[in-house]
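Colleague: Let's see this in three dimensions:
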Amino acid sequence: MSETPDDLDWIRAAPEGEKGPGPWIEIAFGPDDAVYLRETSDPDNVVTTTQKKWDAFVLGVQAGEFDHFAELDGQGPVT
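Modeller: From the prediction side, this is the model:
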């Protein structure tokens, strides 16, 4: 995909009320159905995908398809 536009409106995914620097994931929606992702600790490293792929990922998260990667209460990955 093309270079990252300079005028993106980045949205930070941080826990509600969190004031610290993170690192957090940020997302921006750009022209031509492009979706940009970056980590606050490395803002020059941007991953780009399409709106269609992003929507499929979000649906997968909502359906629990990735829950086995998560740690719950420090007990390790869900099996």
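
Colleague: what bridges to Ala28?
Modeller: Residues in a beta bridge with Ala28, per DSSP bridges, are Tyr36.

Colleague: ok, the residue nearest to Ile25 when sequence neighbours are not counted - contacts?
Modeller: Closest residue to Ile25 apart from its sequence neighbours, by Cβ to Cβ, 6 or more residues apart in numbering: Ala13 at 4.8 Å. Every C-beta, even on glycine, is put in place using the N, C-alpha and C of the backbone. Residues near Ala13 by Cβ atoms under 8 Å, 6 or more residues apart in numbering: Trp24, Ile25, Glu26, Ile27.

Colleague: What is the neighbour count of the last one?
Modeller: This means Ile27. 16 (other Cβ atoms under 10 Å).

Colleague: That one: what's it in contact with?
Modeller: So Ile27 contacts Trp10, Ile11, Ala13, Val35, Tyr36, Leu37 (Cβ under 8 Å, 6+ apart).

Colleague: where's it relative to His68, distance?
Modeller: From Ile27 over to His68 the distance is 23 Å, taken as Cβ to Cβ, to the nearest Å.

Colleague: what does the second one give?
Modeller: Between Ile25 and His68 the distance, using Cβ to Cβ, works out to 20 Å.
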